[in-house]
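[1] coordinates for the following, if possible.
(chains A and B)
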There are 2 protein chains.
Amino acid sequence: MKKWIPIASGLVAGFVAATISFADFSAKTTTEAASNTKSDAEKVYVPFGQKDDYYLFASGGHSGQMFIYGVPSMRQIRTIPVFSQDSATGYGFDEHSKKLMGDYTWGDLHHPAFSETKGEYDGKYMFATDVGNSRAAAVNLETFTTKDIINVPNTSGPHCAAFVTENTEYMFLPTRFAVPLEHKYESLDDYSTKYRGVMSAVTFDQSKEKLNVAYQVALPPWSYDLSDAGKKSSADWAVMTTYNTEEATTNLEINASQADRDYIVLFNWKELEKMVKEGKYEDVGGQKMIFPEKQKGGIYLVPVAKSPHGVDVTPDGKHFIASGKLAPTMTVFSFEKAFKAVENKDFAGERNGIPVLKYESVMEREVNPENALGPLHTQFDDKGMAYTTMFISSEIVKWDPKTGKTLDRVPVQYSPGHAVAAEGDTVSPDGKWLIALNKIAKDSYLSVGPSHPESMQLIDISGKMKVIQSSPVNPEPHYAQMIKADKIKTIEVYPKDEKNKDAVYKKDDTKIVRNGNQVDVYGIAMRSKFIFDAKAERPDVIEVNEGDHVRIHLTNIDFDEDITHGFAINSYNLNMEVQPGQTNTMEFVANKAGTYPLYCTNFCSALHQEMTGYFLVKPKK
Amino acid sequence: MKKWIPIASGLVAGFVAATISFADFSAKTTTEAASNTKSDAEKVYVPFGQKDDYYLFASGGHSGQMFIYGVPSMRQIRTIPVFSQDSATGYGFDEHSKKLMGDYTWGDLHHPAFSETKGEYDGKYMFATDVGNSRAAAVNLETFTTKDIINVPNTSGPHCAAFVTENTEYMFLPTRFAVPLEHKYESLDDYSTKYRGVMSAVTFDQSKEKLNVAYQVALPPWSYDLSDAGKKSSADWAVMTTYNTEEATTNLEINASQADRDYIVLFNWKELEKMVKEGKYEDVGGQKMIFPEKQKGGIYLVPVAKSPHGVDVTPDGKHFIASGKLAPTMTVFSFEKAFKAVENKDFAGERNGIPVLKYESVMEREVNPENALGPLHTQFDDKGMAYTTMFISSEIVKWDPKTGKTLDRVPVQYSPGHAVAAEGDTVSPDGKWLIALNKIAKDSYLSVGPSHPESMQLIDISGKMKVIQSSPVNPEPHYAQMIKADKIKTIEVYPKDEKNKDAVYKKDDTKIVRNGNQVDVYGIAMRSKFIFDAKAERPDVIEVNEGDHVRIHLTNIDFDEDITHGFAINSYNLNMEVQPGQTNTMEFVANKAGTYPLYCTNFCSALHQEMTGYFLVKPKK
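    As a prediction, the model looks like this:
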């Protein structure tokens, strides 16, 4: 009986879908015919004077940064420094960004996620995690700059995040690696008892632009791979895949691929929030830690084919689809069925103190397209159709989650990890474009030595899928999100901030102040000179004594779009940027006596070459 | 009489040029007609399965790196880390690159130059300078990796370099900033007597892949802007522009733009080489320094319109063309006339002890295209025609150096600094493509906040000039060179190096060796695991004591193109890369007790996620 229900509802759903589909196809014909008169070249070409329709925000992986592209042209417009130093913008050199980066000079930026309002990308912020040094960051999309970074305690490698809830109440950061709580030294012989895979619920205060760990959950010592937040009727829930439920401690290549089934963790964050309010947690290193084996409720396990990678919630919020990296199958699960199973306590026992739902009670459909191998991650279009990356058979398969029917497939070159659809993680994807994030470029581009770029391929999904552009990319996009261009509202210049005591907006207010061996320079940068002390014989010269502690506060008083100045001191390993209207500070010890030119590093005008001065360091007697 | 000579020769040359030009145009008609049937979109589109025709190597400016693009698609294929850290490749993190970078974590990479053989790019090496911290670097083009970096003593900001001689005998590094020799502290009141603009003659030993400062020249305390080596009959000579011959020490925007004429420095490097051999130099901080006011000969000054930027030698080696940044004029000078003037000692006195050639004796032609403003830099095509960037009037002007006649012009968006033509600095440019390196993108692309990207525009110069693609670029290409794709011969994997005592190619040879508190790990990376000690219970685990000095030597034994592994230890701020066949070392002190996962950071296979292990640090008692 149990088996009969999903099949029947599948048939009914399939029939409805087919009808919708048919209607849509007929409606689409005119547009398609028009669009099909364009060659592939013309489809991706954005002539001067026109702009791209979408922004693509791609994780930069171990580059630590975020890569911004325009779609459909696939031109990279910007690299936003997030976790790694970037001398081009002085990130990690000026005081503000040095403080943000803390003890680290690099990161491994994995899954980016836009802030959402009512399940739609709202274009305000972008979040991302650092698998390398266990951090999370928030990027402001008015300025395209990183505003906050936090270390996430008790965790190691928040891989399958960030993903945000429908109104950005939380982003959840489950970790890829299990470690002892508080990173203590513990033998791997005690792995199953002493190690944990901790998930962190992180909030973001938009008014203060601050991230905060609200609470954490001490999950079993497994690896958590990918995840997604629920939508609409499943909005209070989230799902994440696991592997190494074998709890292997060495040679995971073999030992973590033994069990036929791993799990999807299904949790209700409203319930976890309630637990925290009721004090149902323990203090672990200053964090509120929920132990699911002690504080029951809100967290469940759903069995799934071995070592799944992606788990993705359909735009209507009714289903979640897991992809079995080592199995050839996508599995469609029903939230509604899961809720019923939870309500009825329809459990198949427990694992590590967490109730396991019966596979058959939650599973809606197993989908296994012919010869498709290595399904990893699924995106959706405006008709609710699914697009799954096949890592092993190097293709994208389009299929109908309501029927399981394969609708289309297209080869990609090669080994796609993730794919990203236009507005693909929202409640209303746009269709039109899908980009395959391919791990292997092989011979797709001119060779650059033994290590090749990764490759992103743009697929036109408005009709029969077709790869229409290939774009090499630096290491390494793990995931990306694509947003409608008009949702991003940038500012043109930084507004004056009269409260900022480091800022100077008038030439006459520039000054060099000495207190003992502390020297503070309050200067301005403008086309095409530096003024550190307008009253001095040489206003563009800073003279200090060897050993002085120097702070240079610099304000760019060119309130003109795109007029950015740089500031570097020769041989002092210092460079920072001041964008139009911005004030920035550089702090260092003048530990080398001598004469060092200083100059503007960011081309600003015809007399940019003349925008120089000197930093003189009088030697100790 | 003197004035009459250049005008007449100009007329004759113009007539010859016109004839050649006519012949060429008729020959070109068929090709053009064929190529003109393609739309702009189709001209720049390189479909999957085909490759770009040219590599573009663009300086990355204060990013410190080199940007590699394909032309005509204008797709960025790679960033090569040179002067700044790059966590994507572990550059500045592994021991080899940390040593290369020395005390610096960033640089300001200006003019790149290919190694040359007989005046042609030979595709073997790329050189570049660091204006920020006064260094020079050599990049190997078999592997696209930086092989050597040297600090250049006595200098500050080698801006107008690297440029190499016809057979890469030397690259000359003149500096943008004057400083006291050995960077001593000296008052700016003594600028004219105590400061110098030093030019360094740097050699590169290809067998050892080592740069070396052969000798230096203590030039007057001026700024040296751009430069070029002679070709063919002028091969023993080189030219460079100057500004601030006023020797102003403050507010250069105004004070360095007073004199109507600055100079081109014209020097014979064979003569300088001879001087050094004859001991005609002084030792300054361990360097062989030629003082031109004492050791006469080999260096001359040519007056030129105020504050010139570029000076470029024509492909035939007969002329050099200076562009007067603050004058609207390009000036064509004749090497032959200069040689005669030198021979006849036809001097107009001396400046700072250096003979000044008479302007009229060397000048061939002043070219002043109508309404063109801010000429900066000139490139050439296969017909010897010149293409000059106009920074102020935002356009490229095509003109005939033999007649001065303006042939064509095209607007670019906006403010082009340099331009680069296909094989443009060789004795035989290719024509076809010209790329304008524009300083201001303004509203050309989707906005990324107050600071915009720079913009490169591809111009089809096979017929009437036309901008056919615009490509945003990260800060900041100052110059670039474009090479035929088939000249670059990369290797696919690093060959085994049995002499490398850090390398391990067999699993059984892996080991962890302790000597006191020094721990050396000899490990391998392979799809999809790390093996540090094959005989251990957990071969992928490294255990050390808190405070141990750890060296991890890792060899990638996947001898397969494009199979690069990464290696990071969580929360230890460490990441490096091992390309196929490569061995690399990471060195650090285990100063944090506890349990830290280690993992492969560069996606390598379907089981990449499982390529992990642990780094256990036993706490001090």
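
[2] ok, the nearest residue to A:Lys496 once chain neighbours are set aside - contacts?
    Excluding the flanking residues, the one nearest A:Lys496 by Cβ to Cβ, 6 or more residues apart in numbering or on different chains is A:Tyr505, at 6.1 Å. (Each C-beta comes from the backbone N, C-alpha and C, glycine too.) Shown in contact with A:Tyr505 (Cβ atoms under 8 Å, 6 or more residues apart in numbering or on different chains): A:496, A:524, A:555, A:557.

[3] mind putting those residues into CSV with pLDDT and distance to B:Lys232?
    What follows is those, written out as CSV (pLDDT from 0 to 100; distance: Cβ to Cβ, whole Å):
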residue, pLDDT, distance to B:Lys232
A:Lys496, 97, 58
A:Ile524, 98, 50
A:Thr555, 98, 52
A:Ile557, 98, 50
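
[4] the residue lying closest to A:Pro292 once chain neighbours are set aside pairs with what?
    Nearest residue to A:Pro292, sequence neighbours excluded (Cβ to Cβ, 6+ apart): A:Ile299, at 4.7 Å. Beta-bridge partners of A:Ile299, counted by DSSP bridges, are A:Phe267.

[5] residues touching A:Ile299, list them.
    A:217, A:219, A:265-268, A:272, A:292, A:354.

[6] what about the host helix or strand of A:Leu407, average pLDDT?
    Using DSSP states H and E, A:Leu407 sits in strand A:406-411. The average pLDDT within strand A:406-411 is 98.

[7] coming back round to it: any idea how far the residue nearest to A:Pro292 lies from chain B?
    For A:Ile299, the distance to chain B equals 23 Å [Cβ to the nearest Cβ, to the nearest Å].

[8] same check, this time on A:His62
    Relative to chain B, and taking Cβ to the nearest Cβ, A:His62 is found at 4 Å.

[9] is it true that that residue touches B:Phe567?
    No - contact criterion Cβ atoms under 8 Å: A:His62 and B:Phe567 do not qualify, at 10.2 Å.

[10] overlap of the contact sets of those two?
    B:575, B:601.

[11] wait, does the next helix or strand along the chain from the strand holding A:Leu407 contact chain B?
    Sequence order places strand A:416-421 as the next helix or strand after strand A:406-411, per DSSP H and E. Yes - using Cβ under 8 Å from any Cβ of the partner chain, strand A:416-421 reaches chain B at A:Gly417.

[12] can you count the residues close to A:Lys439?
    Other residues lying near A:Lys439 total 23 when counted by other Cβ atoms under 10 Å in any protein chain shown.

[13] check the gap between A:Ser134 and chain B for me.
    In terms of Cβ to the nearest Cβ, A:Ser134 sits 6 Å off from chain B.

[14] verify the stated contact: that residue with A:Pro158.
    Yes - checked against Cβ under 8 Å, the pair A:Ser134 and A:Pro158 is within contact range at 6.3 Å.

[15] overlap of the contact sets of these two?
    A:152, A:175.

[16] tell me which element A:Phe530 falls in.
    Residue-wise, A:Phe530 maps onto strand A:529-531 under DSSP H and E.

[17] quick check: buried residues in that strand?
    A:529-531 (16 or more other Cβ atoms under 10 Å in any protein chain shown).

[18] which residues in the stretch 401-550 of chain A form strands?
    Here the stretch 401-550 of chain A has its strands, by DSSP state E, counting those that start in this stretch, at A:406-411, A:416-421, A:433-438, A:454-460, A:466-473, A:480-484, A:511-515, A:518-526, A:529-531, A:541-545, A:549-556.

[19] of these, which approaches A:Thr143 most closely?
    strand A:549-556 (13.5 Å; Cβ to Cβ).

[20] sheet partners, orientation included, of that closest one?
    strand A:518-526 (parallel), strand A:583-589 (antiparallel).

[21] deepest of those strands, which one?
    Each of these was scored by mean neighbour count; the highest is strand A:518-526, a mean of 21, by mean count of other Cβ atoms under 10 Å in any protein chain shown.

[22] hmm, who's touching that one?
    A:502, A:504-505, A:507, A:509-514, A:530-533, A:542, A:544, A:548-558, A:565, A:567, A:578, A:590, A:600, A:611.

[23] same thing but 7 Å
    A:504, A:507, A:510-513, A:530-532, A:542, A:544, A:548-558, A:565, A:567, A:578, A:600 (Cβ atoms under 7 Å, 6 or more residues apart in numbering or on different chains).

[24] what's the distance between A:Pro375 and chain B?
    Distance from A:Pro375 to chain B, by Cβ to the nearest Cβ: 11 Å.

[25] which bits of the stretch 1-150 of chain A sit near chain B?
    A:39-42, A:45, A:47-48, A:51-52, A:55, A:62-64, A:68, A:70, A:75-79, A:84-85, A:87-88, A:103-106, A:108, A:132-134, A:142-145 (Cβ under 7 Å from any Cβ of the partner chain).

[26] inside strands: which ones of the residues you listed?
    Among the residues of the stretch 1-150 of chain A next to chain B, the residues falling in strands (DSSP state E) are A:55, A:68, A:70, A:75-79, A:145.

[27] re the thing from before, could I get the contacts of A:Tyr505 as CSV with distance to B:Val362?
    Formatted as CSV, the entries for those read as follows, by distance: Cβ to Cβ, whole Å:
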residue, distance to B:Val362
A:Lys496, 52
A:Ile524, 42
A:Thr555, 46
A:Ile557, 43
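
[28] need the max-distance pair from those residues.
    Farthest pair in the contacts of A:Tyr505, by Cβ to Cβ: A:Lys496 and A:Ile524, 12.5 Å.

[29] and A:Lys337, that's in a strand?
    No - with DSSP: H, G, I helix; E, B strand; the rest coil as the criterion, A:Lys337 is located in helix rather than a strand.

[30] per-residue pLDDT of it, please?
    Value for A:Lys337, per-residue pLDDT: 98.

[31] for it, give me its contacts.
    A:361-362, A:364 are the contacts of A:Lys337 under Cβ under 7 Å, 6+ apart.

[32] again, only using 8 Å
    So A:Lys337 contacts A:361-364 (Cβ under 8 Å, 6+ apart).

[33] go ahead and confirm A:Gly417 touches A:Thr388.
    No - at 11.9 Å, A:Gly417 does not count as touching A:Thr388 under the criterion of Cβ under 8 Å.

[34] hey, what's in contact with both of these two?
    In contact with both A:Gly417 and A:Thr388: A:376-377, using Cβ under 8 Å, 6+ apart.

[35] those two: who's more crowded?
    Neighbour count, other Cβ under 10 Å: between A:Gly417 and A:Thr388, A:Thr388 has more, with 26 against 23.
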